[in-house]
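Engineer: Test case, fold it:
(2 chains)
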Protein chains: 2
Amino acid sequence: MTNIQFRKAVAADLPAIVAMLADDPLGAGREDASLPLAQGYVDAFAAIDADPNQLLAVAVDGGAVIGTLQITFLAGLSRKGAWRGQIEAVRVADGRRSDGIGRKMFEWAIGQCKARGCGLVQFTTDKGRADAHRFYEGLGFTASHIGYKKSLQTRTPAATGV
Amino acid sequence: MTNIQFRKAVAADLPAIVAMLADDPLGAGREDASLPLAQGYVDAFAAIDADPNQLLAVAVDGGAVIGTLQITFLAGLSRKGAWRGQIEAVRVADGRRSDGIGRKMFEWAIGQCKARGCGLVQFTTDKGRADAHRFYEGLGFTASHIGYKKSLQTRTPAATGV
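Structural biologist: Numbers count the residues shown, from 1 in each chain, chains lettered A, B, ... in the order given. Below is the predicted model:
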């Protein structure tokens, strides 16, 4: 636990990151960690990597990737033009959970938001995740909002028949 | 209601947008619509306007700005690299509320997200807002998440004494 380092993710980290996204009760049904990785992951990584307001990060211990999270820095007019840091896709590798790493990752992410001058840090968590309300409150977060989502049909099904 | 148009906001719209943000039960305590606008708003507008993944929009009726919303297009690895559209800061001008404009704005925003190939649209709403759960469900959204926020101290108080 003492040697954990954080850094911006590089392309070579992508299989380890996707494996962590897939190794999750909710992710198992919607991710695909098989190699070579689906092009969607590769394209998304390129878009994130090229965007100065995105920071995909990994936690590394002795060369092994043991955690990941993504921070998006959001400009907005609300709150007198305050920047927000938005945290998404926080995962810790199997075998390293319940080891204080999640807390360390959130603390690091909050520090990155402060360093960028954000006035607010925000994230949403699926109601289906049993974990963590006390954990988040202990980090200073308030469960003040309801998060709504709507899936969009991005591919039309292939026509059958005629 | 038949002549409402949507367009990307321009700098000249900023006073009207900030006035709508301030004319709100929650916004009243944290915004300042006095002119000239605080530099924070001007800087935030410039950052939003320069970012191809941000779309600050206004609804216009006969030349008057009657609504605003912001969409951020977010690249992420989750869901096989699906893009997300995130809607924030939706406001309708006083005197035009309960006129179907909010629905029209959300529908337009969802259309923008589809046009950009997003697989998901998301937003959070403060639990203190009494409105709208049925309204959002009617638009196809599910209240599946809890939204956590944490304010950050961005300015250190001036030293007193020494």
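
Engineer: if we look at the helix or strand of chain A with the lowest mean pLDDT, which residues are touching it?
Structural biologist: Across the helices and strands of chain A, mean pLDDT, DSSP states H and E gives its lowest value to helix A:133-138, namely a mean of 90. Among residues not part of helix A:133-138, those counted as contacts by CB atoms under 8 Å, 6 or more residues apart in numbering or on different chains are A:102, A:103, A:125, A:143, B:146, B:148. All C-beta atoms are positioned from the backbone trio N, CA, C, and that covers glycine.

Engineer: So among those residues, which ones count as buried?
Structural biologist: A:102, A:125, B:146, B:148 (16 or more other CB atoms under 10 Å in any protein chain shown).

Engineer: which ones among those residues are found in helices?
Structural biologist: Mapping those onto helices (DSSP state H) picks out residue A:102.

Engineer: What is the three-state secondary structure of the most centrally placed residue in chain A?
Structural biologist: In chain A, the residue lying closest to the centroid (CA atoms, centre = their mean) is residue A:89, at 2.2 Å. Secondary structure assignment for residue A:89 (DSSP: H, G, I helix; E, B strand; the rest coil): strand.

Engineer: hang on, isn't it packed against residue A:22?
Structural biologist: No - if you go by CB atoms under 8 Å, residue A:89 and residue A:22 don't touch, sitting 11.7 Å apart.

Engineer: Once you drop chain neighbours, what's closest to residue A:89?
Structural biologist: Using CB to CB, 6 or more residues apart in numbering or on different chains and skipping residues adjacent in sequence, the residue nearest residue A:89 is residue A:70, 4.8 Å away.

Engineer: what secondary structure does the one you found sit in?
Structural biologist: strand.

Engineer: Report how many residues lie close to it.
Structural biologist: Applying other CB atoms under 10 Å in any protein chain shown, we find 22 residues neighbouring residue A:70.

Engineer: Run a quick neighbour tally on the closest residue to residue A:83 other than its chain neighbours.
Structural biologist: Excluding the flanking residues, the one nearest residue A:83 by CB to CB, 6+ apart is residue A:118, at 4.6 Å. The number of residues packed near residue A:118 is 23, by other CB under 10 Å.

Engineer: Repeat that for residue A:15.
Structural biologist: Quick note: residue A:15 (other CB under 10 Å) scores 16 neighbours.

Engineer: what's the answer for residue A:149, then?
Structural biologist: Residues near residue A:149, counting by other CB under 10 Å: 18.

Engineer: OK, contacts around the residue lying closest to it once chain neighbours are set aside?
Structural biologist: Among residues not flanking residue A:149 along the chain, residue B:122 sits closest, at 4.8 Å (CB to CB, 6+ apart). By CB under 8 Å, 6+ apart, residue B:122 lies in contact with A:124, A:147, A:148, A:149, A:150, B:84, B:85, B:86, B:87, B:145.

Engineer: Please work out the average pLDDT along the helix or strand encompassing the fifth one.
Structural biologist: Put plainly, it is residue A:150. Residue A:150 is part of strand A:142-151, with elements assigned from DSSP states H and E. Strand A:142-151 shows a mean pLDDT of 96.

Engineer: now swap in stretch A:100-110 and tell me
Structural biologist: Mean pLDDT, computed over stretch A:100-110, is 95.

Engineer: again with stretch A:23-40
Structural biologist: What stretch A:23-40 shows for mean pLDDT is 93.

Engineer: Wondering if that stretch reaches chain B at all.
Structural biologist: Yes - applying CB under 8 Å from any CB of the partner chain, one finds stretch A:23-40 touching chain B at A:27, A:30, A:31, A:32, A:38, A:39, A:40.

Engineer: next one: stretch A:53-60
Structural biologist: Yes - applying CB under 8 Å from any CB, one finds stretch A:53-60 in contact with chain B at A:53, A:54, A:56.

Engineer: anything in stretch A:41-49 near chain B?
Structural biologist: Yes - interface with chain B: stretch A:41-49 contributes A:41, A:42, A:43, A:44, A:45, A:47, A:48 (CB under 8 Å from any CB).

Engineer: where does residue A:3 land in three-state SS?
Structural biologist: The assignment at residue A:3 comes out as coil when based on three-state DSSP.

Engineer: How much space separates it from residue A:92?
Structural biologist: 15 Å (CB to CB, to the nearest Å).

Engineer: which one of those two has more residues nearby?
Structural biologist: residue A:92 (22 against 8).

Engineer: if I pick that one, what's in contact with it?
Structural biologist: A:20, A:59, A:66, A:67, A:99, A:101, A:102, A:105.
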